[in-house]
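**Q** mind looking at a prediction? Sequence and model below.
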There are 2 protein chains.
Amino acid sequence: MSRPHDTTSQHVAELFKALGHPARVLLLRLTWDQGRSGEELCGLLKLAAATVSHHLALLDTAGLITAEQRGHHRFYRAHRAAFAPSLADLLAVPRPETETTAPPAPILSEEERYRAKVLRTFFKDGLLTTIPAQRKKRDVVLSYLLRDFEPGREYPESEVNALLGAYHPDFFTLRRELIMRGWLTRERGVYRRPEPEPATGVA
Amino acid sequence: MSRPHDTTSQHVAELFKALGHPARVLLLRLTWDQGRSGEELCGLLKLAAATVSHHLALLDTAGLITAEQRGHHRFYRAHRAAFAPSLADLLAVPRPETETTAPPAPILSEEERYRAKVLRTFFKDGLLTTIPAQRKKRDVVLSYLLRDFEPGREYPESEVNALLGAYHPDFFTLRRELIMRGWLTRERGVYRRPEPEPATGVA
DNA sequence: TGTTTATTTCGAAACTCTTCGAATCAGTTT
DNA sequence: AAACTGATTCGAAGAGTTTCGAAATAAACA
C-alpha cells in the first residue's frame, strides 16, 4: 500500500486520543487498583452519568479498561496490561532493518516443525515476547492465538483485547492483523471467529 | 487532598492529547532519526505549511520536539528523552506509600540490579533529581543518558544541551562528564557518540 | 412476572480542534 | 539595504468532542 505508516499513525493516535482527556486519565487512576462502579465514578468525578458512560466507552474501545457485572453494578477496572509499553514503543515504526535471519532451507514439507520452531522463538513462558516482523512468522503466531476464540461465538471488543492482551501489550496490532486476514470479523462492534479453519494447509 | 490528582490528570492528559492526532504521530516518526525542515515535512504530510506549523507548535509545547535553525531552514527533531516512560509511568499516581504490589521482577544480574537501584534513586518521573556525587553511581546515570544519542551521528551543541537539559538543568556538568569518559566526543563544535564496541548490551 | 436500579443511548447546545489562504515575521543571500 | 525563502500568526469555515437531561435499555431482585 502507498502509506503503511498512515494507518499505523492513525491507529496509534487513536490510543493516545483515548488518553487525552483529564476525565479519562482520572478514571484510569481511580480504577487502577480496584474495580469501581459507574455510580461511584460519577460521584468522584462530579460528572453526569451519561458523561461518565461516554468516557468509559471510549476507554473500552481503546482496550484500556475492562468491565464486569456484579450485582446491580458494573465494575470497571483499568486493563493494566495495556499500559506496559513506553511511548517510544508505541511510536516506534517498523524499521527497514533488513531482517537477515533468513529462514533456513525450504522445509515446507515440514510445516508443523516450522510452526513449532517459530512458536518456540516468539513465546517465552506463555507470553509473546515480540510480534514477528516477517509476514510468514506473524501468520504462525496469529493462527496460534486463534485457539482462544471459539468459532461462531460473539466477542465484545473488550474481551478480544483482554484475550490478546494476555499475550502481548500491543493487542491492537494483533487484533488488526487478525481482522486483516479475515481470521476474526467485526460487525457492529462485536467480533467473531468464522467457522472454517483459517490457515490449514490449503492446496 | 482536594485535588492533587486533578491538576496532574489535566497535565498528563495534555501530553497524551499532543500525541492524539495522526499527523503529529507521523511528524514524530519522521523526525525520530533525523532532523527535518518544516518544508520537507509539509511535503511528506501533504498538508499546508500553516497546518504543519500548528502541529509542530503543539508538539513543541508538550516538550516532544526540538527545533534548530540551520541555514534557510528550521530543523525539527523528536525529543527522544520525553518518550522513555511507559504509559503506566505517566499514569501512575503518587502512591500513598503502600508499596504492596512489587512490579514483576525479571531475573537480573547483580550489576543490573545495582544499575536499576541507582536509576530508581536518582530519577523521579523521568527526570534526574540530583547528579550523583559518587563516581560509580554517576557512571550509571551517565551511561543511561547516552541512550538518547545515536552512535555515529553528529549533534550540534545546542541539541546536546537540549537532550541533557531535559533531565537536569545542569546539562553543562552532564556534558562535561560524558566527554571526560569518552562517551561523547567533540570536534569542531559538533558532538558525536562513538560507535559501540561489539557486545555492548543496549536496551 | 413486574419493579427497582444502574447504565447506555439520543438529541441538542456549547466548546474545542483542524485546516487553509492570506498576511506577517525572521532569517539569508545578493 | 532590498529581495528572497521558509516559518509563523491571523481569521474564518468546518469537523469533531464534551456535556447534560430525558428516554430507552438491561440486569437483578422480589
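**A** Yep, that arrived. Numbers count the residues shown, from 1 in each chain, chains lettered A, B, ... in the order given.

**Q** ok, now which ones touch the nearest residue to A:A48 once chain neighbours are set aside?
**A** Distances taken as Cβ to Cβ, 6 or more residues apart in numbering or on different chains place A:C42 nearest to A:A48, at 7.4 Å, with adjacent residues excluded. (Each C-beta comes from the backbone N, C-alpha and C, glycine too.) When contacts are counted by Cβ atoms under 8 Å, 6 or more residues apart in numbering or on different chains, A:C42 touches A:A48, A:A49, A:V52.

**Q** who wins for neighbours among these?
**A** For the contacts of A:C42, the largest number of neighbours (other Cβ atoms under 10 Å in any protein chain shown) sits with A:V52, at 22 neighbours.

**Q** and that residue, what helix or strand is that in?
**A** Element membership for A:V52, per DSSP states H and E: helix A:49-61.

**Q** in CSV, list the C-alpha atoms belonging to that helix.
**A** Taking C-alpha atoms only, helix A:49-61 is exported to CSV below (Å, rounded to 0.1, in the frame of the first residue of the first chain):
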residue,chain,number,x,y,z
ALA,A,49,-23.8,9.6,34.5
ALA,A,50,-24.2,10.0,30.7
THR,A,51,-20.9,11.7,30.5
VAL,A,52,-19.0,9.1,32.6
SER,A,53,-20.6,6.4,30.5
HIS,A,54,-19.3,8.2,27.4
HIS,A,55,-15.8,8.3,28.7
LEU,A,56,-15.8,4.7,29.8
ALA,A,57,-17.0,3.7,26.4
LEU,A,58,-14.0,5.4,24.8
LEU,A,59,-11.6,3.8,27.2
ASP,A,60,-13.2,0.4,26.5
THR,A,61,-13.0,0.8,22.7
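
**Q** distance from the chain centre to that helix, please.
**A** 19 Å (Cα atoms, centre = their mean, to the nearest Å).

**Q** and A:L142, how far from DNA strand C?
**A** According to Cβ to the nearest atom of the strand, to the nearest Å, A:L142 and DNA strand C sit 29 Å apart.

**Q** distance between the helix or strand encompassing that residue and the chain's centre?
**A** For A:L142, the host element (DSSP H and E) is helix A:135-145. How far helix A:135-145 lies from its chain's middle: 15 Å, per Cα atoms, centre = their mean.

**Q** still on that earlier bit, the residue nearest to A:A48 is in what secondary structure piece?
**A** helix A:38-45.

**Q** A:A67: which element?
**A** Going by DSSP H and E, A:A67 is in strand A:65-70.

**Q** list phi and psi for A:R36.
**A** Torsion angles at A:R36 (phi, psi; degrees, to the nearest 10) stand at phi -140, psi 150.

**Q** beta-bridge partners for it, please?
**A** Per DSSP bridges, the residues bridged to A:R36 are A:Y76.

**Q** got the angle between the lengthiest helix in chain A and helix A:49-61?
**A** Counting by DSSP state H, the longest helix found in chain A is helix A:4-19. Helix A:4-19 runs at 140 degrees relative to helix A:49-61, counting by axes from the mean of the first three to the mean of the last three Cα atoms, to 10 degrees.

**Q** for helix A:4-19, which positions count as buried?
**A** For helix A:4-19, a neighbour-count test (16 or more other Cβ atoms under 10 Å in any protein chain shown) marks A:H5, A:T8, A:S9, A:V12, A:A13, A:E14, A:L15, A:F16, A:K17, A:A18, A:L19 as buried.

**Q** residues contacting the residue nearest to A:G182 when sequence neighbours are not counted?
**A** Nearest-residue entry for A:G182: A:P194, 7.2 Å, with adjacent residues in sequence omitted and distances by Cβ to Cβ, 6+ apart. Neighbour list for A:P194: A:P151, A:G152, A:G182, A:W183, A:T185 [criterion: Cβ under 8 Å, 6+ apart].

**Q** swap in A:E157?
**A** So A:E157 contacts A:D60, A:T61, A:G63, A:G189, A:V190, A:Y191 (Cβ under 8 Å, 6+ apart).

**Q** wait, isn't the first one in contact with A:R77?
**A** No. The pair A:D60 and A:R77 does not pass the contact test of Cβ atoms under 8 Å, sitting 11.1 Å apart.

**Q** between those two, which contacts overlap?
**A** A:T66, A:A67.

**Q** the two: which is more packed in?
**A** Summary of the neighbour comparison: A:D60 and A:R77, criterion other Cβ under 10 Å, with A:D60 having more neighbours (19 against 16).

**Q** circling back to that earlier point, turn the contacts of A:C42 into a markdown table, including pLDDT and distance to B:L178.
**A** Shown next, in a markdown table, are the contacts of A:C42 (pLDDT from 0 to 100; distance: Cβ to Cβ, whole Å):
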| residue | pLDDT | distance to B:L178 |
| --- | --- | --- |
| A:A48 | 95 | 54 |
| A:A49 | 95 | 55 |
| A:V52 | 97 | 49 |
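
**Q** which one among these gets closest to DNA strand C?
**A** A:A49 (4.0 Å; Cβ to the nearest atom of the strand).

**Q** surely that closest one and A:G38 touch.
**A** Yes. Between A:A49 and A:G38 a contact is recorded at 6.8 Å, counting by Cβ under 8 Å.

**Q** ok, A:R138 to DNA strand C distance?
**A** 31 Å.

**Q** dump the residue contacts of that residue.
**A** Residues near A:R138 by Cβ under 8 Å, 6+ apart: A:I131, A:P132, A:E177.

**Q** ok, and the closest non-adjacent residue to the residue nearest the centre of chain A?
**A** Geometric centre of chain A, nearest residue: A:F171, 2.0 Å, by Cα atoms, centre = their mean. Leaving aside its sequence neighbours, A:F171 sits nearest to A:L164 (Cβ to Cβ, 6+ apart; 3.7 Å).

**Q** can you tell me the element the one you found falls in?
**A** Per DSSP H and E, the secondary structure element for A:L164 is helix A:157-165.

**Q** that helix and DNA strand D, any residue contact?
**A** No. Helix A:157-165 is not in contact with DNA strand D by Cβ under 7 Å from any atom of the strand; minimum separation 13.9 Å.

**Q** report the buried residues of the helix or strand just after that helix.
**A** Following helix A:157-165 in sequence order, the next helix or strand is helix A:171-180 (DSSP H and E). Residues A:F171, A:F172, A:T173, A:L174, A:R175, A:E177, A:L178 are the ones in helix A:171-180 that count as buried (16+ other Cβ under 10 Å).
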